[in-house]
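Engineer: Predicted model follows, preceded by the sequence.
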Amino acid sequence: MLKLTRHLADIVPDPVRHWINVDKELGAKHMFTIGEPDPIPKDMLAVYAKAVYDEELSGKVSYPPVAGEESLRKAIVGMEKNFNVNYAEDDASRIYVTAGGSQGLQFAFSLFRPGSEIIAMTPCWGTIFNMTAHSGVKGVPAELFKDGRFVKENAEKALSDNTQAVYVNFPANPNGIVLKEKVIKEFADWAVAHDLQIISDAPYKYLIYEPGKTPYVSPLNCSPEAGRKTTEISSFSKIIKPDIRLGYLRIAPEILEHPEAKRLLYYFRNLSAGASRPAQAGVTAVLNKDPKLGFLKPMVKNYKEKAEVLGECLEKLGCTLTEKPAGGYFLFPQTPDGMDGEEYVKKTAAERKVGFIPGSSFGGSYKGFENLKKYFRAGFGGGWTKEKIREVFN
C-alpha cells in the first residue's frame, strides 16, 4: 500500500501563488503580487551574460563543486563587507552556494531533528511555514518585533523544550522594516542566552533606501557568541534576476563544529549536484566588477519613490500604511475600515482589476495573529514605473 510522507498533512497551498491565481480568476490584470525586482542596468547584465557565455564555451562537462566555486564564495565575503556584514576571511569556507535562497532556507530548517520547533518572526513570508513543515519541524509564529523594539515577552511565550532556532528576516517581507542595532543586539543576546540557533534571512539588505539612516544589522555581528550561532542566508535574485536561481548561506560555526557535521556537505549535496557553474561565473563577474553593487543605487532610489507613490494611491482608497518600508519593494497596508484582507483582495481584483496578496498569507491564518487578516501586501518591483502606478489607481 502506498504511503506518502506524513509531512504533507502540514503543507498548505502556496500562500502567494495561490492568491495570484485567485486574483487572475477574478479578472485582475495589474499584478502587485509576487516579489520580483526591477531589471538591472543593461551594462551590468552584459557583464553577467559575457561571463556566462565564456563559461558555456569553456567546454567543461564536469559537475560544479558542491559547496560552490571558490571564486564566488570569496567574492561573497568581499561583497557582504560593503553591506555591514563583517564576515571573517575564513567564512568563505562556511559558505554554501545554493539553487536560490529558498534552497538555502530549506537546508537550514532541515538540519534540526524532526519534532523540533523554530520560532519565526511574524508577519513573514508564509512559505516559511511550509518549508519548516516539509523538514519535519514546526514553525512557531511570534511577533518578535513591534514598534521598533524587541518584544521579549512574545519570544518567551513561543519558547518550548523543543525550540532549536529562531528565524528573522530584515528588511522584512512583507513590510520592509529594518531595526536599529541595539534592538537586533537585544534579540541576539536573548537567542544566545537560550542557546538557540539564529537563521537570518537577508536577501533585501542590498535594497535599503537610506543605509546611512537605517543600516542593515546582522545578528552575526552582534557578539562573538551570536556569530557562532548565526546562519545567514541571501539570494542573488534581488541583485541580478530571479531566474538564475542562485543564492548562498553562511553556516553557523557552531553547526559546522557539531560532531555529526562531518557529513554536512554530503547532506547538502543531496539537494543538488551543485549550483549552475555558468550562473556562478556570471555572478562572480558582477561582484568582481562592482563589489559595492553601486549599479543598484538608482534602482533603490526608484523603489523608494515608487513606495511613496503607491502608498499615496492606496491611502486615497482608504488604506492605512501603519509601517513605512525602509527597504525592498513591498508595502503592507491595512485595509479600509479594517475589512477582511481576503475579501478586500477579491474586491480589488474584481472591481479594479488589481491583484494583491492578503495578510492571511503572512501569518494571519494562525491563532493570535488574526489582526494580520486586515492587511495585504502590494509589491511594486518587476518593472512598475511611478507613472504606470498612478495610471492604474487614478
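Structural biologist: Arrived safely, thanks for sending.
Engineer: Give the next helix or strand downstream of the longest helix belonging to the chain.
Structural biologist: Taking DSSP state H as the criterion, the chain has its longest helix at helix 297-316. As assigned by DSSP states H and E, the chain's next helix or strand after helix 297-316 is strand 330-331.
Engineer: just checking, what packs against that next one?
Structural biologist: Judged by 3 or more Cβ pairs under 8 Å, 6 or more residues apart in numbering; DSSP states H and E, the packing partners of strand 330-331 are helix 297-316, strand 376-379. Where C-beta positions appear, they are placed from N, C-alpha and C, glycine not excepted.
Engineer: most packed of the ones you listed?
Structural biologist: Comparing these by mean neighbour count (mean count of other Cβ atoms under 10 Å), strand 376-379 ranks first with a mean of 27.
Engineer: List the pairing partners of that one within its sheet, with orientation.
Structural biologist: Here strand 376-379 has these sheet partners by DSSP bridges: strand 330-331 (antiparallel), strand 357-358 (antiparallel).
Engineer: and Tyr267, which of the helices and strands packed on strand 330-331 is closest to it?
Structural biologist: strand 376-379 (33.7 Å; Cβ to Cβ).
Engineer: so how far is the helix or strand that the closest one is followed by from its chain's centroid?
Structural biologist: Next along the chain after strand 376-379, taking DSSP H and E as the criterion, comes helix 386-393. Chain-centre distance of helix 386-393: 27 Å, with Cα atoms, centre = their mean, to the nearest Å.
Engineer: Could you pull out the buried residues of helix 386-393?
Structural biologist: Within helix 386-393, the residues scored as buried using 16 or more other Cβ atoms under 10 Å are Ile389, Val392, Phe393.
Engineer: just stretch 157-167 next, same as before
Structural biologist: For stretch 157-167, a neighbour-count test (16+ other Cβ under 10 Å) marks Ala158, Leu159, Thr163, Gln164, Ala165, Val166, Tyr167 as buried.
Engineer: Stretch 334-350 now?
Structural biologist: If you call a residue buried by 16+ other Cβ under 10 Å, then stretch 334-350 has these buried ones: Gln334, Thr335, Met339, Asp340, Gly341, Glu342, Tyr344, Val345, Lys346, Lys347, Thr348, Ala349.
Engineer: Take those residues and lay them out in JSON lines including distance to Lys297.
Structural biologist: JSON lines is the format used below for the buried residues of stretch 334-350 (distance: Cβ to Cβ, whole Å):
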{"residue": "Gln334", "distance to Lys297": "31"}
{"residue": "Thr335", "distance to Lys297": "34"}
{"residue": "Met339", "distance to Lys297": "38"}
{"residue": "Asp340", "distance to Lys297": "39"}
{"residue": "Gly341", "distance to Lys297": "34"}
{"residue": "Glu342", "distance to Lys297": "37"}
{"residue": "Tyr344", "distance to Lys297": "35"}
{"residue": "Val345", "distance to Lys297": "33"}
{"residue": "Lys346", "distance to Lys297": "38"}
{"residue": "Lys347", "distance to Lys297": "38"}
{"residue": "Thr348", "distance to Lys297": "33"}
{"residue": "Ala349", "distance to Lys297": "34"}
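Engineer: so where does Thr231 fall, helix or strand?
Structural biologist: Using DSSP H and E, Thr231 falls in strand 230-235.
Engineer: packing partners for whichever helix or strand comes after that strand?
Structural biologist: Using DSSP H and E, the helix or strand that follows strand 230-235 in sequence is strand 247-250. If contacts are counted by 3+ Cβ pairs under 8 Å, 6+ apart, strand 247-250 sits against strand 95-98, helix 101-110, strand 230-235.
Engineer: residues in contact with strand 247-250?
Structural biologist: With contacts defined as Cβ atoms under 8 Å, 6 or more residues apart in numbering, strand 247-250 is touched by 68, 73, 76, 87, 91, 94-104, 107-108, 203, 220, 231-237.
Engineer: What strands line up against that strand, and which way round?
Structural biologist: strand 95-98 (antiparallel), strand 230-235 (antiparallel).
Engineer: any chance of these in CSV, plus mean pLDDT, distance to Ala275 and mean neighbour count?
Structural biologist: CSV is the format used below for those (pLDDT from 0 to 100; distance: least, Cβ to Cβ, whole Å; neighbours: other Cβ atoms under 10 Å):
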stretch, mean pLDDT, distance to Ala275, mean neighbour count
strand 95-98, 97, 5, 26
strand 230-235, 97, 12, 27
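Engineer: care to break this structure down by domain?
Structural biologist: 6-41+295-393, 44-289 (automatic domain parsing).
Engineer: Quick check: end-to-end length of the shortest one?
Structural biologist: End-to-end span of domain 6-41+295-393 (Cα to Cα, to the nearest Å): 45 Å.
Engineer: chain center to that domain: distance?
Structural biologist: So, by Cα atoms, centre = their mean, the centroid of domain 6-41+295-393 is 16 Å from its chain's centroid.
Engineer: cool, stretch 73-92 as well?
Structural biologist: Distance, stretch centre to chain centre, for stretch 73-92: 19 Å (Cα atoms, centre = their mean).
Engineer: Please list the outside residues in contact with that stretch.
Structural biologist: Residues outside stretch 73-92 that contact it (Cβ under 8 Å, 6+ apart) are 67, 70, 93, 95, 97, 202, 205-206, 211, 215-218, 220-221, 232, 234, 248, 250, 283-284, 287-288, 291-293.
Engineer: Quick one: the strands in the stretch 51-200 of the chain, in order.
Structural biologist: Ranges of strands in the stretch 51-200 of the chain, per DSSP state E, counting those that start in this stretch, are 95-98, 117-121, 138-142, 145-146, 149-150, 163-169, 197-201.
Engineer: Could you dump those into TSV with distance to Cys319 added?
Structural biologist: TSV is the format used below for the strands of the stretch 51-200 of the chain (distance: least, Cβ to Cβ, whole Å):
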stretch	distance to Cys319
strand 95-98	36
strand 117-121	23
strand 138-142	24
strand 145-146	20
strand 149-150	25
strand 163-169	23
strand 197-201	27
